[in-house]
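Participant: 3D model of this:
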Amino acid sequence: MLAVAVGALSGMVSAGTAWAEPAQAYDHSKDKGKAPGTHGPLPKGFSTTQLSVKFKADREVRLRDRKLVAENSADASEVQRVLAKYKGASIRPLSSTPETKVTQQRLQLEKRVGRELPDLNSWFVVTVPKGIESLLSDLNALPSVEIAQAKPILTSPTEPLSSHQKYRNAANSVQGGGVDADYANAQPGGKGDGITVTDIEVQSVVTPLYGQQTVAAGDDHSLLVSWAPTFGQVWSWGDNAQGQLGLGHTTTKKVPVAVPGLTGVTAVSAGNAFSVAMKNDGTVWAWGDNSQGQLGNGTLTDSSVPVQVAGIYNAVGVSAGAGHALAVLADGTVRAWGDNSQGQLGYAGTDSPVAIAVPGLTGVSATLGTVAAGTAHSVAVLSTGTVKAWGDNSQGQLGDGTTTDRISPVAVSGLTGVSQVSSRADHVLALISGGTVKAWGDNAQGQLGDGTTTDRKTPVAVSGLTNVSSVSAGSLHSVAATLSATSDTYTWGDNAQGQLGNGTTTDSTTPIAISANSETIAAGLAHNVTKLGQWLYVWGANGSGRLGDGTTTGRTSPVELLGVLNSWNLCHEDLAGRVAAGEVVQVPPMFGDPCSNDSSVHHGTGVAGVIGAQDDNGVGIAGIAPNATLHLSGTAVPDAVAYATAHSSPGDVILYEVAIVTSSGWYPWEVDSSVYDQTVLAVAAGVTVVEPAGNGGNDLDDSSDTYATTIMGRPDSGAIMVGAGSPPSPGGTNCTGSSPAPERSALSFSTYGLRVNVQAYGACVATLGAPGWQELTPSETNPNKLYAGTFNGTSSAGAIVAGVVADLQGVAKNAGAVLTPVEVNDTLRSTGTGQHIADLHHIGPHPNLHAAIDEILAP
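Facilitator: Coordinates of the predicted model:
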């Protein structure tokens, strides 16, 4: 078979054998009002705050320049009218890939496969705080909408059973039949060489806390406060030379990592090389550089873990400067500590390692954002809306019309109605009630935004800004977020590191609108962090990984941090040293410790082990495809499948370790209409999709089951659907106990039906372990050396099949050309070992790599 394919393909993947599908892409409007999740009342298992909506392709509804547009403007107006009914509702494209590129890729694939494919540009994600059932009804009633469907709540197809790698055995082994991985691994390319396998896991998302000062940017590090998965947890990334990340060490981090032991935080501020956090109990905590007493704990010793600022119990706001910090208390007084070289603590004296009251300052507005610490000066907003400042005034940053330093607070000239101030270096921004902004101080790079580079000793209006909700002063640039319908972001000043985010490195003396949307924003030395709802954006300089995108590459335009939590222990001894296959890659970069070893990572780590654990290293187990490149991704990526496809090539594999769980059973992920479309596109791109059927014991051929009829009523997506088969039981027993089900029969929990293509072991699978999940290494205490023998369910079955496909494609690639997904599916089914003859719950044959490889290599 391969010889024919090679000749036909001439080195390119072909369309393969066509299956019965209409010429046009599937029209999801057929499922409106019928498919679960498209109408109220929503069944259990669907999100109450997020939905997917697909607009009819010919209506060309798009989000461009942060505004909804359409072929017929009335369509866009109708959508906006509907969304406006629901306070806090927001809409964004499903795909993070640029619209033109999505279109180009689709047209190329349509030319290849000779049929119309789904248009991902038509899919959007809508987030709404409440009223989702009414919103579904309103959207589905619009003539421009093909379908609106609440997002299913996803579950890993976890192990329903709870005793070594028999799944690698030859099909006819007396110890129990397996996939014959050893035979495959002995063939050229048969270890998955040159093939990428992407494991998509169900993941938690780090959701930012709503409100001001929930993001912060220092010189070379950044901070974020989360609402979920843990309320008030601080995440940090970037330079850590002085412990400013609070992680208990001084190792730099290029992705966000949780600060241990610190929760209940409501606001953060980042100084030059130290960090400050305010908790909901009014206490203040600090960590990092303490050379000038800026941690406020009575010492001058740096701390890589948070320490409490002594004597503060009723703080309502905080600010960290270059080497000093401020806190406003509920009684309207201000505490200051740290560097006092220019009188920035409010008195003539030395530095203070403990918080002291700023003399003579009362009546400060007791809210967030009303104090600001700069390089060597301080600013405070009074409850009257006026402003006072003290400390260094060499560039007019005190705003009193002079350049004379002040050790006591003086009034800033001509300001009233101020609600927020911000200062980092030597200029100050003030947000005025009504949404305008004024600025004063250093203006060498145009950071005052008045169209000049002239320093200002008194406040001047920032040009053209209205409806502003938040401001932040960087070292030589400034940023502002607005309350506009599209939450526009404006930047101005120095742009040498791309910190203005407009795709250039050209300074601007007046505000310019950029592509990031924001409600809260933080400017650092030369980078920015901003958030809008659950979405986080960064841009500018990236030394030490301060942008948190896993690199040290600067960005002249905003990039999104998706907040995807790590689900693997990449430091396990069988993953950390994969010499032949190279480093395991997280796509996209993920939040959290890549060496996480708590119980939450056991599923992803187990899947990775079955597929790609290092072989011939003298420890542990061998993956089925140890030379395959492993990409790790998750469902928290809005367009997870399309994202994985974009990082794959023909012949590669995407594994869905995902299930949709309802009261009537477990279902494959493609029940979600947007995932179905993405699956069709992945298969058309030559990528084999492996999809566990689920662990619900339900029948996909049940005509009374609306979930099943949704799946079976559509054309086949092209994914290889996998059921959980019973493992062998040499001697009449296996890890499930005595009298187990016959080998290769459907386990009682496996979802089944004619749509299920193949099966693999759904119990007793040996793989990498985690604490508390280590049957094969019960006395081992090193979390990176643990192994389990009871990985089960369609989780283990899907991982085995993904490894099998990688081996098969590796052999095919070495011989001249990869197989198409259809050819892979056909080969596995035609050469596999048949399901137990007496079993009526169809889950298909068990793959046999020996027979499959012989088939594709046959002349």
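Participant: what's the span of stretch 37-48 from first residue to last?
Facilitator: Terminal residues of stretch 37-48 lie 10 Å apart, using CA to CA, to the nearest Å.
Participant: ugh, wrong one, stretch 575-590
Facilitator: Using CA to CA, the span of stretch 575-590 from its first residue to its last is 17 Å.
Participant: and Gln242, what element?
Facilitator: When elements are assigned from DSSP states H and E, Gln242 belongs to no helix and no strand.
Participant: my guess is it meets Ala273, correct?
Facilitator: Yes - A contact is recorded between Gln242 and Ala273 when judged using CB atoms under 8 Å, the distance being 4.6 Å. Bear in mind the C-beta positions are built from the backbone N, C-alpha and C, glycine included.
Participant: So which of the two has more stuff around it?
Facilitator: Between Gln242 and Ala273, counted using other CB atoms under 10 Å, Ala273 has the larger neighbour count: 23 against 19.
Participant: Count the residues that sit near the nearest residue to that one once chain neighbours are set aside.
Facilitator: Ranked by CB to CB, 6 or more residues apart in numbering and with sequence neighbours excluded, the top spatial neighbour of Ala273 is Asp289, at 4.0 Å. Applying the criterion other CB under 10 Å, we find 21 residues in the vicinity of Asp289.
Participant: Not counting sequence-adjacent ones, nearest residue to Val824?
Facilitator: Nearest one to Val824, counting by CB to CB, 6+ apart, is Thr688 at 5.0 Å.
Participant: what pLDDT does the one you found get?
Facilitator: Looking at Thr688, its pLDDT stands at 99.
Participant: hey, what's it bridged with?
Facilitator: Beta bridges link Thr688 to Val653 when assigned by DSSP bridges.
Participant: Would you check how far apart the residue nearest to Ala273 and Thr489 are?
Facilitator: With distances taken as CB to CB, to the nearest Å, Asp289 is found 30 Å from Thr489.
Participant: before we move on, what about Asp593?
Facilitator: Distance, Asp593 to Thr489, using CB to CB: 31 Å.
Participant: give me the element the nearest residue to Pro143 once chain neighbours are set aside is part of.
Facilitator: The spatially closest residue to Pro143, leaving aside those adjacent along the chain, is Asp75, at 7.6 Å (CB to CB, 6+ apart). Element membership of Asp75, judged by DSSP H and E, is helix 73-84.
Participant: who does the following helix or strand past that helix pair up with?
Facilitator: Toward the C-terminal end, the helix or strand that comes next after helix 73-84 (DSSP H and E) is strand 90-93. For strand 90-93, the pairing partners within the sheet under DSSP bridges are strand 123-127 (antiparallel).
Participant: before we move on, the earlier item: list residues touching both of Gln242 and Ala273?
Facilitator: Contact criterion CB atoms under 8 Å, 6 or more residues apart in numbering; residues shared by Gln242 and Ala273: 288-289.
Participant: In this protein, where is pLDDT below threshold?
Facilitator: Flagging of the chain using pLDDT under 70 yields the residue ranges 1-23, 158-164, 484-487.
Participant: residues touching the residue nearest to Ala273, list them.
Facilitator: Taking CB under 8 Å, 6+ apart as the definition of contact, the neighbours of Asp289 are 242-244, 271-274, 302, 323.
Participant: If we use 10 Å, what do you get?
Facilitator: By CB atoms under 10 Å, 6 or more residues apart in numbering, the residues touching Asp289 are 241-244, 271-275, 295, 302-303, 323, 338.
Participant: Then Ala496?
Facilitator: 445, 476-477, 505-507, 526, 540-541.
Participant: for the helix or strand hosting Met721, which positions count as buried?
Facilitator: Taking DSSP H and E as the definition, one finds Met721 inside strand 720-725. Residues of strand 720-725 classed as buried by neighbour count (16 or more other CB atoms under 10 Å): 720-725.
Participant: Could you report the neighbour count for the closest residue to Gln586 other than its chain neighbours?
Facilitator: With CB to CB, 6+ apart as the measure, Leu632 is the residue that lies nearest to Gln586, at 5.0 Å, once sequence neighbours are left out. The burial metric for Leu632, expressed as a neighbour count using other CB under 10 Å, is 25.
Participant: ok so, going back, how near is the residue nearest to Pro143 to Val125?
Facilitator: In this structure, Asp75 and Val125 are 18 Å apart, going by CB to CB.
Participant: Between those two, which is the more surrounded one?
Facilitator: With neighbours defined as other CB under 10 Å, Asp75 and Val125 compare such that Asp75 has more, 21 against 18.
Participant: what are the ranges of the helices in this structure?
Facilitator: Taking DSSP state H as the criterion, the chain contains helices spanning 2-9, 73-84, 99-113, 132-140, 181-185, 602-612, 640-646, 673-684, 706-712, 793-815, 821-831, 849-857.
Participant: Show me what the last one is packed against.
Facilitator: Same thing as helix 849-857. Counting contacts by 3 or more CB pairs under 10 Å, 6 or more residues apart in numbering; DSSP states H and E, helix 849-857 packs against helix 2-9, helix 181-185, helix 793-815, helix 821-831.
Participant: Of those helices, which is nearest Glu110?
Facilitator: Using CB to CB as the measure, helix 821-831 is the one of these that comes nearest Glu110, at 16.4 Å.
Participant: Could I get the buried residue list for the closest one?
Facilitator: Of the residues in helix 821-831, 821-829, 831 count as buried by neighbour count, 16+ other CB under 10 Å.
Participant: Repeat that for stretch 837-852.
Facilitator: So for stretch 837-852, counting by 16+ other CB under 10 Å, buried means 839, 841-852.
Participant: and what of stretch 288-308?
Facilitator: Judged by neighbour count (16+ other CB under 10 Å), stretch 288-308 contains these buried residues: 288-298, 302-307.
Participant: Can you give me the end-to-end span of it?
Facilitator: OK, stretch 288-308 end separation, CA to CA: 12 Å.
Participant: Distance from that stretch to the middle of the chain?
Facilitator: Per CA atoms, centre = their mean, to the nearest Å, the displacement of stretch 288-308 from the mean C-alpha position of its chain is 32 Å.
Participant: go on, stretch 435-451?
Facilitator: A distance of 35 Å separates the centroid of the chain from that of stretch 435-451, by CA atoms, centre = their mean.
Participant: Next, the buried residues of it.
Facilitator: Of the residues in stretch 435-451, those buried under the neighbour-count criterion (16+ other CB under 10 Å) are 435-450.
Participant: how many other residues sit next to Gln175?
Facilitator: When counting by other CB under 10 Å, one arrives at 11 neighbours for Gln175.
Participant: From what I see, it and Lys166 are in contact.
Facilitator: Yes - between Gln175 and Lys166 there is a contact under CB atoms under 10 Å: 6.1 Å.
Participant: which residues are common contacts for those two?
Facilitator: Counting by CB under 10 Å, 6+ apart, the common neighbours of Gln175 and Lys166 are 728, 730.
Participant: any idea how far Met278 is from Gly264?
Facilitator: If you measure Gly264 against Met278 using CB to CB, the figure is 10 Å.
Participant: the more surrounded of these two?
Facilitator: Taking other CB under 10 Å, Gly264 and Met278 do not tie; Met278 has more neighbours (26 against 15).
Participant: That'll do, ta.
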